[in-house]
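*Asks:* Next comes the sequence, and after it the predicted model I'd like to discuss.
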Amino acid sequence: MQLYYAPRAPNPRRVQMFMAEKGISGIALVPVDLNQGEHFGDAFRAKSPLAKVPALELADGRVLTETRAICSYLEGLTPEPNLMGVDFEERAFIEMADRRVEWTLLLGIANAVRHTHPGLAPLESPQFADFGQSQKGKIAQNAAVFDQLLQTQAWMAGPRFTIADITAFCALEFGRALLKISPADLGLHALQEWRDRMAARPSAKVV
């Protein structure tokens, strides 16, 4: 199998961290140069029609795109350690937590970066600066929801580490790298403490 990814991009990093947490090896990493527009080329679009990374090419030539779909496949191949739920009930609550993180924290940070950072101008054309600034302004509000949650539980989905923590960490690190913000800057100390615990995990060294 081959994983097409872009270094430092949050969604490929989510898959790489997921693989690292499970100890999955033997999947070749194929970098895709977003700055050079490689993802828009015919060769890559044949694998990922929406020109997005990550993409996991299976041994039989089929290609899985969408981060959570890829992780679901990998969870099936390598069930332990379990990161997506051991039964239907836990799976539902973990997916809820993961979707909340993805559609509020990650999407908001990503939109702010895409539409305000000059380095992303070639990838997000046209950029809408007003929209980007509005998204940037909502980051603290969105992050505060998770700070409050972490005042009552250890991890994003409850008492144990799951895929939702990987999604949230990659979101915050993307914002830290390109927007120069951190939970501590926003006065969100429970979220900062959780982020620091995440950063200490070996899988966090994947960039």
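*Replies:* Looks like it came in fine. Here the structure is a predicted model, which is why all the values come from computation and not from measurement.

*Asks:* packing partners for the helix ranked longest in the chain?
*Replies:* Taking DSSP state H as the criterion, the chain has its longest helix at helix 129-149. If you count contacts as 3 or more Cβ pairs under 8 Å, 6 or more residues apart in numbering; DSSP states H and E, helix 129-149 packs onto helix 107-116, helix 163-178, helix 189-199. Every C-beta, even on glycine, is put in place using the N, C-alpha and C of the backbone.

*Asks:* Check the spacing between Ala43 and Phe146 real quick.
*Replies:* Taking Cβ to Cβ, to the nearest Å as the measure, Ala43 falls 39 Å from Phe146.

*Asks:* quick one, which of the two is more surrounded?
*Replies:* Shown here are Ala43 and Phe146; by other Cβ atoms under 10 Å, Phe146 has more neighbours (24 against 8).

*Asks:* and the helices and strands packed on helix 129-149 as a markdown table, adding distance to Met84 and mean neighbour count?
*Replies:* Shown next, in a markdown table, are the helices and strands packed on helix 129-149 (distance: least, Cβ to Cβ, whole Å; neighbours: other Cβ atoms under 10 Å):
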| stretch | distance to Met84 | mean neighbour count |
| --- | --- | --- |
| helix 107-116 | 20 | 21 |
| helix 163-178 | 5 | 24 |
| helix 189-199 | 17 | 18 |
